[in-house]
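Q: this one's structure only:
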């Protein structure tokens, strides 16, 4: 029972550990820098900031 | 972009430096087949799951309903409902949305579409065999893992294809920032096979003994919610809200804080389902602390979504995507804070083993996740089929039926569950009386099931019309002919 619970606890630790490794990678890779630029990556010339891209359909 | 073989995908040296000017249209077109296939299958299972849920709900007030056949008894219908909704509807809608988002955010056309089509077919085969197995009496009696052992390998094989695809897409993404939605999606894609394989090994193939099974069960069930469904739902919200409004997310730092807090702490949450159970106190305590820590990502996400919407709530009038997504975002805040509170032992003592927990689960899976998926589907499908939704009125009906249905259901189960829990806790009240307290609220739950089913029928009808391009050609969101003029007003 104790060994099994430690196994389960280890699984929880491992999941958090994988997140920690990914976090370190993101910091080293510059993902935390220039947040403004990161927030704008979903916009482009065709769909720039300021352009809504959804509305209820209307009959023309 | 030319399609690449699976083997050449191992190294991203062949990624082109630039894409054509019609990049977004090309990316959307590349996702059409697999994404629509996932959506179509998910809509089918949504209808099946709604029917099963409706029957299960009315059996709570009419125990003799449809009990002449073994496969229609509550012990089979209820797990069949849960697994159809989770693995049939939620997973496939989530994967469809995730595929489309991954392609857009990686800014490359979808690679290896055949791999994904195969995965869809295998996944649906696994769900079909599994649900028929449950109805035939082969349920494994492990909550969220009731699908019989002969269906599990098929599901795992299907998921393996999807997981491999996600890694390839991420590896081939165009250089630059990884948007917060991508972080959520990548985490979800990688964590789910880990959770699913571990839970199956420890519960089915080499089962742990005794109460440790409960620990594995709730570690899995809780993390499927928190590390699979939640990341996909939030990935959608962090894309759809800014994209529909045409304004960037309020604070990108806050969005990252929310993601990393979820990633680091969530996997510790599951044990709070076992408060009072035969487990080491330190294990339960660690889980309670982690559950309270969840307030950090929840509040950061809530603040971010609210501040992005601030001053633009009128957009809810004209955007179906935003209407569903904002409802889902608000439900996320409520259900997550409710979950934090339910981990406090003094409250857990009252709510555990009552309808309150059922209400909480429905607010999470339906109020939050399903509404997010509806919103995303309303945004994505017109861009894939090149046709606009045929009826704004039907979309409005869908929204109000779904919203009213889920609020009615959650409200009834929450109040009924609290009364039931308080009665169970009172030694002067008989067990039968505690059930009687909940009965009127279970009637309301049954009625709310009709509303949800009606909403799903409307949604399915809209979806089929879109696929077949039935009705007058309409203009609007997908073609952006009107929205450009709206920009100035925002």
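A: Done, it's in. Every value quoted in this text rests on a predicted model; they were computed, and no experiment measured them.

Q: got the contact list for stretch B:54-71?
A: Here stretch B:54-71 makes contact (CB atoms under 8 Å, 6 or more residues apart in numbering or on different chains) with B:72-74, B:76-78, B:81, B:135-137, B:439, B:442-443, B:445-446, B:449-450, B:453. Any C-beta I mention is one placed from the backbone N, CA and C, and that applies to glycine too.

Q: and the residues you listed, which are buried?
A: Buried members of the contacts of stretch B:54-71, scored by 16 or more other CB atoms under 10 Å in any protein chain shown, are B:72-73, B:76-78, B:81, B:135, B:442-443, B:445-446, B:449, B:453.

Q: could you list the low-pLDDT ranges of the chain?
A: By default, I'm working from chain A. A:1-2, A:58-60 (pLDDT under 70).

Q: oops, wrong one, chain B.
A: In the predicted model, chain B carries pLDDT under 70 at residues B:1-21, B:472-490.

Q: show me it divided up by domain.
A: Annotated domains of chain B cover B:23-176, B:312-484 [automatic domain parsing].

Q: the stretch 251-400 of chain B against chain A: which residues are in contact?
A: Where the stretch 251-400 of chain B comes near chain A, counting by CB under 8 Å from any CB of the partner chain, the residues are B:251-253, B:256, B:260, B:263-265, B:267-268, B:279-280, B:283, B:315, B:318-322, B:378-379, B:388-392, B:395-396.

Q: can you select the buried ones from those residues in ChimeraX?
A: Buried residues among those (16+ other CB under 10 Å), as a ChimeraX selection:
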select /B:251,252,256,260,263,264,265,267,268,279,283,315,318,319,320,321,322,378,379,388,389,390,391,392,395
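
Q: the residues of the stretch 251-400 of chain B next to chain A in strands, which ones?
A: When DSSP state E is applied, those are split such that none fall in strands.

Q: now do the buried residues in stretch B:62-75.
A: For stretch B:62-75, a neighbour-count test (16+ other CB under 10 Å) marks B:72, B:73 as buried.

Q: helices along the stretch 1-150 of chain B, start to end?
A: Secondary structure of the stretch 1-150 of chain B (DSSP state H, counting those that start in this stretch): helices located at B:23-59, B:74-83, B:91-106, B:113-135.

Q: adding distance to residue B:333, write these out as CSV.
A: Below are the helices of the stretch 1-150 of chain B laid out as CSV (distance: least, CB to CB, whole Å):
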stretch, distance to residue B:333
helix B:23-59, 24
helix B:74-83, 24
helix B:91-106, 20
helix B:113-135, 31
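
Q: highest mean neighbour count out of the ones you listed?
A: Mean neighbour count (mean count of other CB atoms under 10 Å in any protein chain shown) peaks for helix B:91-106 among the helices of the stretch 1-150 of chain B, with a mean of 26.

Q: that one vs helix B:113-135, what angle?
A: Calculated by axes from the mean of the first three to the mean of the last three CA atoms, to 10 degrees, helix B:91-106 forms an angle of 160 degrees with helix B:113-135.

Q: mind giving me the packing neighbours of helix B:91-106?
A: Applying 3 or more CB pairs under 8 Å, 6 or more residues apart in numbering or on different chains; DSSP states H and E, we find helix B:91-106 packed against helix B:23-59, helix B:113-135, helix B:152-171, helix B:180-200, helix B:230-245, helix B:371-385.

Q: can you point out the buried residues in the next helix or strand after the fourth one?
A: Sequence-wise, the next helix or strand downstream of helix B:180-200 (DSSP states H and E) is helix B:212-224. Counting neighbours by 16+ other CB under 10 Å, one finds that the buried residues in helix B:212-224 are B:212, B:214, B:215, B:216, B:217, B:218, B:219, B:220, B:221, B:222, B:223, B:224.

Q: closest to chain A among these?
A: The shortest approach to chain A among the buried residues of helix B:212-224 belongs to residue B:212, at 4.1 Å (CB to the nearest CB).

Q: next, count neighbours for the closest residue in space to the closest one that isn't next to it in sequence.
A: Excluding the flanking residues, the one nearest residue B:212 by CB to CB, 6 or more residues apart in numbering or on different chains is residue A:4, at 4.1 Å. Residue A:4 is flanked by 18 other residues according to other CB atoms under 10 Å in any protein chain shown.

Q: roughly how far apart are the closest residue in space to residue B:222 that isn't next to it in sequence and residue B:284?
A: With sequence-adjacent residues excluded and distances taken as CB to CB, 6+ apart, residue B:222 is closest to residue B:270, at 3.5 Å. To residue B:284, residue B:270 is 11 Å away according to CB to CB, to the nearest Å.

Q: over to residue B:212?
A: Going from residue B:212 to residue B:284 by CB to CB gives 14 Å.

Q: name the element the residue of the stretch 51-200 of chain B found nearest chain A belongs to?
A: Distances between the stretch 51-200 of chain B and chain A by CB to the nearest CB are smallest at residue B:177, namely 3.9 Å. Following DSSP H and E, there is no helix or strand that holds residue B:177.

Q: can you redo the helices and strands packed on helix B:91-106 as CSV with distance to residue B:105?
A: Formatted as CSV, these follow (distance: least, CB to CB, whole Å):
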stretch, distance to residue B:105
helix B:23-59, 10
helix B:113-135, 17
helix B:152-171, 9
helix B:180-200, 5
helix B:230-245, 7
helix B:371-385, 13
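
Q: number of nearby residues for residue B:285?
A: Other residues within reach of residue B:285, judged by other CB under 10 Å, total 14.

Q: what comes up buried for whichever strand or helix holds it?
A: For residue B:285, the host element (DSSP H and E) is helix B:281-293. For helix B:281-293, burial by neighbour count (16+ other CB under 10 Å) applies to B:283, B:284, B:286, B:287, B:288, B:290, B:291, B:292, B:293.

Q: just the residues you listed now: which is nearest chain A?
A: Closest approach to chain A among these (CB to the nearest CB): residue B:283, at 6.6 Å.

Q: now do the same contact list for the residue nearest to residue B:230 when sequence neighbours are not counted.
A: Residue nearest to residue B:230 in three dimensions, not counting chain neighbours: residue B:262, with 7.1 Å by CB to CB, 6+ apart. Shown in contact with residue B:262 (CB under 8 Å, 6+ apart): B:226, B:227, B:230, B:231, B:294, B:297.

Q: picking up where we left off before, how about residues contacting the helix holding residue B:285?
A: Residues outside helix B:281-293 that contact it (CB under 8 Å, 6+ apart) are A:5, A:9, B:215, B:261, B:265-266, B:268-272, B:274-275, B:277, B:339-340, B:343-345.

Q: mind listing which of these are in helices?
A: Taking DSSP state H, the ones among those that sit in helices are A:5, A:9, B:215, B:261, B:265, B:339, B:340, B:345.

Q: what's the local residue count around the second one?
A: The tally of other residues near residue A:9 (other CB under 10 Å) stands at 18.

Q: surely residue B:142 touches residue B:202?
A: No: counting by CB atoms under 8 Å, residue B:142 stays clear of residue B:202, with 10.5 Å between them.

Q: give me the common contacts of the two.
A: By CB under 8 Å, 6+ apart, residue B:142 and residue B:202 have these common neighbours: residue B:213.

Q: with respect to residue A:17, which of the domains of chain B lies nearest?
A: domain B:23-176 (18.7 Å; CB to CB).

Q: circling back to that earlier point, continuing past the helix holding residue B:285, what's the next helix or strand?
A: The first helix or strand that comes after helix B:281-293 along the chain, using DSSP H and E, is helix B:295-309.

Q: residue B:37: which of the contacts of residue B:262 is nearest?
A: Distance to residue B:37 across the contacts of residue B:262 (CB to CB) is lowest for residue B:231, with 22.2 Å.

Q: which residue, other than its chain neighbours, is closest to the closest residue to chain A within the stretch 1-150 of chain B?
A: Minimum separation of the stretch 1-150 of chain B from chain A (CB to the nearest CB) falls at residue B:24, amounting to 6.5 Å. In space, and not counting its chain neighbours, residue B:24 is closest to residue A:46: 6.5 Å by CB to CB, 6+ apart.
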